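A.B. asks: I would like to see how this sequence folds:
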Amino acid sequence: MGIGRREFLRLTSIALTGLAIDPLKAVAINDNIYVNKKLGILFHKPQDWGFVAIKDFGKIKSEQVFGEGLDETVEEIWKELGEPICIATKYYQDKPEYTGLFSPTITLNITPKEELEYLGYETFEELMEMSAFGISKILKEFRVTKKYAPYLISNCKFYEYDAEYMFEHIEINEPLKVELKVFKAEHNGLYYDFNCHQSITQRQFASKEFEEFKKTIKLI
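C.D. replies: Next up, the predicted model:
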């Protein structure tokens with residue numbers, strides 16, 4: 001259902017106050033706030049985190065060690081899952097003291113429903129199961145640890161689950177356990193997919209930030 005176009009435009013105007021932007025520009029960032037008018041979404045990233053340029057996502061993938069799919073290459077699976085349209089991370093600056101540290105991160109994927117119809121699923125719940133299976137072929141030792149009852153954000157039904165996997169990176173000596181919190185929704189012919197990563201093992205906690213972030217999500 002969403003919050004309605006008028007309310008979304010009101011919140012967008014408030015969020016972008018003082019920012020000189022092209023009124024025809026679909027995406028705008030003002031400090032901690034991300035607005036995508038074309039896709040009808042607004043949210044606040046955690047304070048002191050940074051947004052990562054999507055053009056750098058290829059470099060991020062190249063530095064992480066992934067698992068292998070059964071019948072598809074990692075790149076083929078990534079193509080099916082889609083690349084994120086927005087990435088916010090804690091250690092966004094390239095500093096020597098961050099080398100070897102896992103950076104808590106939030107990514108957002110938005111996929112038009114028609115792009116996934118070829119998969120032959122019947123319900124959104126079935127699609128989520130298929131998506132989790134695909135992720136298990138990319139992220140090593142991936143497993144879902146908890147599922148939550150659906151709830152509403154911006155009058156839209158959201159699904160949430162927790163998972164964990166082993167993270168391997170060229171700058172980290174040994175595999176690192178990472179906790180993943182996922183928020184998913186189907187709205188206006190689009191699938192919204194938020195993925196929130198933290199590592200308790202490295203004491204890189206972000207549970208509080210993830211919960212505060214979730215409260216800021218607005219869908220038109």
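A.B. asks: Which other helices and strands does the longest helix seen in the chain contact?
C.D. replies: Scanning the chain for the longest helix, with DSSP state H as the assignment, gives helix 124-136. In terms of contacts (3 or more C-beta pairs under 8 Å, 6 or more residues apart in numbering; DSSP states H and E), helix 124-136 is packed against helix 74-81, strand 140-147, strand 156-169, strand 176-187, strand 190-198. (Glycine included, C-beta is placed from N, CA and C.)
A.B. asks: Can I get the longest one as CSV, trimmed to CA atoms?
C.D. replies: The one in question is strand 156-169. Output in CSV follows, covering the C-alpha atoms of strand 156-169 (Å, rounded to 0.1, in the frame of the first residue of the first chain):
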residue,chain,number,x,y,z
CYS,A,156,3.7,-2.7,3.3
LYS,A,157,4.1,-6.3,4.5
PHE,A,158,7.8,-7.1,5.3
TYR,A,159,9.4,-10.4,6.0
GLU,A,160,12.5,-10.7,8.1
TYR,A,161,15.0,-13.5,8.9
ASP,A,162,18.5,-13.9,10.4
ALA,A,163,21.2,-16.0,8.9
GLU,A,164,25.0,-16.5,9.2
TYR,A,165,27.8,-17.4,6.9
MET,A,166,31.6,-17.7,6.7
PHE,A,167,33.2,-14.6,5.2
GLU,A,168,36.5,-14.9,3.3
HIS,A,169,38.4,-11.9,2.1
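A.B. asks: average pLDDT for it?
C.D. replies: The average of the pLDDT scores along strand 156-169 is 95.
A.B. asks: Just the angle for that strand relative to helix 124-136, thanks.
C.D. replies: 10 degrees (axes from the mean of the first three to the mean of the last three C-alpha atoms, to 10 degrees).
A.B. asks: my read: Asn36 touches Val27, true?
C.D. replies: Yes: counting by C-beta atoms under 8 Å, Asn36 touches Val27, with 5.1 Å between them.
A.B. asks: who's more crowded, these two?
C.D. replies: The neighbour count for Asn36 versus Val27, taken as other C-beta atoms under 10 Å, is higher for Asn36 (19 against 14).
A.B. asks: Now for that one: which residues touch it?
C.D. replies: Applying C-beta atoms under 8 Å, 6 or more residues apart in numbering to Asn36 gives the contacts 26-27, 42, 85-86.
A.B. asks: Now do the buried residues in whatever helix or strand Phe213 lives in.
C.D. replies: Following DSSP states H and E, one finds Phe213 within helix 207-216. Along helix 207-216, these residues count as buried under the neighbour rule (16 or more other C-beta atoms under 10 Å): 209-210, 213-214, 216.
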